[in-house]
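J.: Structural data only, the sequence is not supplied:
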């Protein structure tokens, strides 16, 4: 177990280094920041001075080596936009994303397990068909479209909910709902499928022969055996949310890491882009290890 | 012994259909039987005979739809079961009628400890809970013969052996001392010596509790060793019913007679001899000091441990000869086959095939060698690609070994091979799932024959088949041997099967050969005690066992 965790951590660190290298060079392909940060009529001298100040006059491989050296000293660079530590900027935005992701993925998983199990318990029933319809619609509806329609109807039209921003619990409703749609839709399908095969398993026959009550058979015996694929898919979906729900955060003005990332890319704020990537990548690797550990809790046959 | 006038369960005129896209399929047709306290009723039949469906209906385990109980009544202790409400019906399952199944690994929930699964029986019927249920569970595990039940109670099903898992299933079923225990093929997946222990346990428990036992089996020996009365089912109908001894000694129905004559070891002299007629003179395969070690997990503080799957064995197979390798699970018999076919690498040893050590062949020689040695597996369905037609399955060796046959002759040759194994040429266009188990095994044999082998290794090739089908497949193999001068290595856990088929038998235990000899000599006077115990573990008819009569 300990060796397993050590190996996973080592692999994760290698992957993060590879990712950071890639991001470092890709961001620099977007162009020269001085074009954005200096007035349009700046002289060539002013541009050169800006470049020198931010180390952009060096050859790119030299910039990369300096970046690596700084990383080892836990110096993640300065934000060009905000003139403060880039890592600080990223770490301020990240909890906002985490909160939203945690609420959305927890609610959608719990709801999907309930709906999917009940649908699988009576396949072909009215409930099953309605649940399938809703989940398919949820999984296939484009989130930006739902978000914009939601704002038009509930914020602009009816005036029930705020259009964007944070603060009250009402600000949570639309972003959470839009973020839940796809995970909910996909997970209902996964739960229904795995529950159907679990309910057809021999051990369910044993449970029936024992005279167990129906809800105990469904939620005690079948569900527990169906959870592995659900955890896999839910983990994958959680990963994409932790990565920053770029579209949803942008539309609803949610000050999360997805919005920060897209703003920083547009502004060529290289240090902040790199820091956000480092933060989310670390979070995702931790999440994946946690999912692997969860497997061992759910299925005693899995041991590392 | 039993009160025949007042049966605890009386099933009358039971008829069950399964709805399908076209006409409903009748699985059980007008089946009646009854069983009394303390009595053992055996329902004997081959797969698809409807024997499991009848008892599953009694247990309310048939989903409707697709099931459809057309007619019939199940009177349990004076109560009509089909008239009960869901809650009342549920309270009977597990408390008054309990059931155990064929494959305990699949029928136990893999994610819960065995203790939890047994405690559940007490809890769901309000008999005990918490510490009380746990104490009873431990006591129960001790009764069914699980060693160290205080610790093992917290183990998961996969941490037990096959026989122990079936003991756990039995413990679960008898927890509330049911009036009836239904055992659906309870020993089919087990080794013969473990089977004997489980059958003994069932007999003991029946004597202790006086429960009625309904035992479903396709195995005539198991049936004869357990039954007071027997009903024989075929095609959903009861074809014969009566006192077990009478049915066995004087079967009335043609189907029962055929079943009993297919028994591989009923009467040693009367059975047809399927051994090879020619005497093997030339050695085809010579195995010397074959060894396979597996290194088990070695931790930082424990020294390296090795498991000897195959431990320094030597044997020969002559041309046209059949060598039977007999052993229980874990004896290393399949490891031998896997190494001979190059599916795993031996730790040491030689295997000389036609003058050349197969473990030292280069790629090209190995390719040629693989043509000459083919394998037929236990599960023909699992060893065939379900999305390939029979034509592609049989002709695949010719895709790999291009020199065997030119492509324009494939179609004719596939038809020829199908006829050779007793199928029809038009079967070439079908998929594996459209065949029965016995037919699939014929396809597997045809595939093995396609590359014109000299040696065929059969790994439990008939173990999954019904008795009468087993005999047919063995007949086919014997026939092919004389027509194509093949050699066989026939691996099985079932000693009697090879009795009339193998020329020589090699008995394996824990990776070693414990006894080897000509088949008739080995059966006539087994020298090693393990061989003797294997032969004795074959169930004996109940009416010959003295202790039970009149109990």
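T.: Cool, got the structure. Just so we're clear, the structure is a prediction, and the values are computed from it rather than from any experiment.

J.: Helices of the stretch 301-450 of chain B, residue ranges please.
T.: Along the stretch 301-450 of chain B, the stretches classed as helices by DSSP state H, counting those that start in this stretch are B:333-340, B:363-372, B:390-400, B:410-420, B:437-450.

J.: Residue B:155: which of those helices is closest?
T.: Of all those, helix B:333-340 sits nearest to residue B:155, with 26.2 Å by C-beta to C-beta. Bear in mind the C-beta positions are built from the backbone N, C-alpha and C, glycine included.

J.: hmm, who's touching that closest one?
T.: Residues from elsewhere that reach helix B:333-340 (C-beta atoms under 8 Å, 6 or more residues apart in numbering or on different chains): B:285, B:287, B:290, B:292, B:309-310, B:313, B:325-327, B:344-346, B:351, B:358, B:373, B:375, B:457, B:459-460, B:489, B:491, B:493, B:508, B:511.

J.: mind listing what the closest residue to chain B within the stretch 151-300 of chain A touches?
T.: As assessed by C-beta to the nearest C-beta, chain B sits closest to residue A:211 within the stretch 151-300 of chain A, at 3.5 Å. Residues near residue A:211 by C-beta under 8 Å, 6+ apart: B:90-95, B:121, B:124-125.

J.: per-residue confidence for it?
T.: pLDDT for residue A:211: 88.

J.: just residue B:286 next, same as before
T.: 91.

J.: Confirm that it sits in a strand.
T.: Yes - judged by DSSP: H, G, I helix; E, B strand; the rest coil, residue B:286 forms part of a strand.

J.: From residue A:202, how far off is the nearest residue to it once chain neighbours are set aside?
T.: Nearest residue to residue B:286, sequence neighbours excluded (C-beta to C-beta, 6 or more residues apart in numbering or on different chains): residue B:352, at 4.4 Å. Separation of residue B:352 from residue A:202 (C-beta to C-beta, to the nearest Å): 46 Å.

J.: related to what we said a few turns ago, quick one, phi/psi of the residue of the stretch 151-300 of chain A closest to chain B?
T.: Note on residue A:211: backbone dihedrals following degrees, to the nearest 10 are phi 80, psi 30.

J.: how far away is it from residue A:223?
T.: From residue A:211 to residue A:223 the distance is 19 Å (C-beta to C-beta).

J.: same check, this time on residue B:13
T.: Distance from residue B:13 to residue A:223, by C-beta to C-beta: 39 Å.

J.: in the stretch 51-200 of chain B, which spans are helices?
T.: Under DSSP H, counting those that start in this stretch, the stretch 51-200 of chain B gives helices at B:51-58, B:86-92, B:104-107, B:114-124, B:130-143, B:149-152, B:162-174, B:192-209.

J.: how many neighbours does residue B:23 have?
T.: 8 (other C-beta atoms under 10 Å in any protein chain shown).

J.: go on, the one 3 residues further on?
T.: By the criterion of other C-beta under 10 Å, residue B:26 has 17 neighbours.

J.: Show me what the helix or strand harbouring it is in contact with.
T.: For residue B:26, the element it lies in under DSSP states H and E is strand B:25-35. Residues outside strand B:25-35 that contact it (C-beta under 8 Å, 6+ apart) are B:7-18, B:41, B:43, B:50, B:53-54, B:57, B:71-72, B:180, B:212-214, B:229, B:231, B:233, B:235-238, B:241.

J.: Give me the buried stretch members for the least confident helix or strand in chain B by mean pLDDT, please.
T.: For chain B, the helix or strand with the lowest mean confidence is helix B:254-262, at a mean of 79 (criterion: mean pLDDT, DSSP states H and E). Neighbour counts over helix B:254-262 (16 or more other C-beta atoms under 10 Å in any protein chain shown) mark B:255-256, B:259-260, B:262 as buried.

J.: what do you get for stretch A:172-188?
T.: Buried residues in stretch A:172-188 (16+ other C-beta under 10 Å): A:172, A:174-188.

J.: which is the next helix or strand following the helix or strand where residue A:145 lies?
T.: Taking DSSP H and E as the criterion, residue A:145 maps to helix A:143-150. Remark: after helix A:143-150, the chain's next helix or strand is helix A:170-199, criterion DSSP H and E.

J.: I'd like to know which elements that following helix is packed against.
T.: helix A:86-121, helix A:126-140, helix A:143-150, helix A:223-242, helix A:246-251 (3 or more C-beta pairs under 8 Å, 6 or more residues apart in numbering or on different chains; DSSP states H and E).

J.: Quick one: those as a markdown table, columns for mean neighbour count and mean pLDDT too.
T.: Output for those, formatted as a markdown table (neighbours: other C-beta atoms under 10 Å in any protein chain shown; pLDDT from 0 to 100):
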| stretch | mean neighbour count | mean pLDDT |
| --- | --- | --- |
| helix A:86-121 | 20 | 91 |
| helix A:126-140 | 15 | 92 |
| helix A:143-150 | 16 | 89 |
| helix A:223-242 | 20 | 89 |
| helix A:246-251 | 20 | 86 |
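
J.: just so I know, which of these lies nearest residue B:143?
T.: That would be helix A:223-242 among those, by C-beta to C-beta, at 28.1 Å.

J.: And the contacts of that closest one?
T.: With C-beta under 8 Å, 6+ apart, helix A:223-242 has contacts from A:97-98, A:100-101, A:104-105, A:108-109, A:112-113, A:117, A:179, A:182-183, A:186-187, A:190-191, A:193-195, A:197-198, A:201, A:203, A:280, A:283-284, A:287-288, A:291, A:294-295, A:298-299, B:109-112.

J.: now swap in stretch B:444-451 and tell me
T.: B:370-372, B:374-377, B:380, B:383-384, B:393-398, B:401, B:404, B:413-414, B:417-418, B:420-421, B:423, B:456, B:461, B:473, B:476-477, B:480, B:484.

J.: burial of the closest residue to residue B:453 other than its chain neighbours, as a residue count?
T.: Spatially, and ignoring its direct neighbours in sequence, residue B:453 is nearest to residue B:374 (4.2 Å; C-beta to C-beta, 6+ apart). Neighbours of residue B:374 under the rule other C-beta under 10 Å: 23.

J.: thinking again about what came up before, make JSON lines out of the helices of the stretch 301-450 of chain B and add mean neighbour count, distance to residue B:525 and mean pLDDT.
T.: As requested, the helices of the stretch 301-450 of chain B are exported to JSON lines (neighbours: other C-beta atoms under 10 Å in any protein chain shown; distance: least, C-beta to C-beta, whole Å; pLDDT from 0 to 100):
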{"stretch": "helix B:333-340", "mean neighbour count": "23", "distance to residue B:525": "23", "mean pLDDT": "88"}
{"stretch": "helix B:363-372", "mean neighbour count": "13", "distance to residue B:525": "36", "mean pLDDT": "86"}
{"stretch": "helix B:390-400", "mean neighbour count": "18", "distance to residue B:525": "43", "mean pLDDT": "90"}
{"stretch": "helix B:410-420", "mean neighbour count": "17", "distance to residue B:525": "38", "mean pLDDT": "90"}
{"stretch": "helix B:437-450", "mean neighbour count": "23", "distance to residue B:525": "33", "mean pLDDT": "88"}
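
J.: Would you mind saying which of the ones you listed lies nearest residue B:137?
T.: Of all the helices of the stretch 301-450 of chain B, the one in closest proximity to residue B:137, counting by C-beta to C-beta, is helix B:333-340 (35.4 Å).
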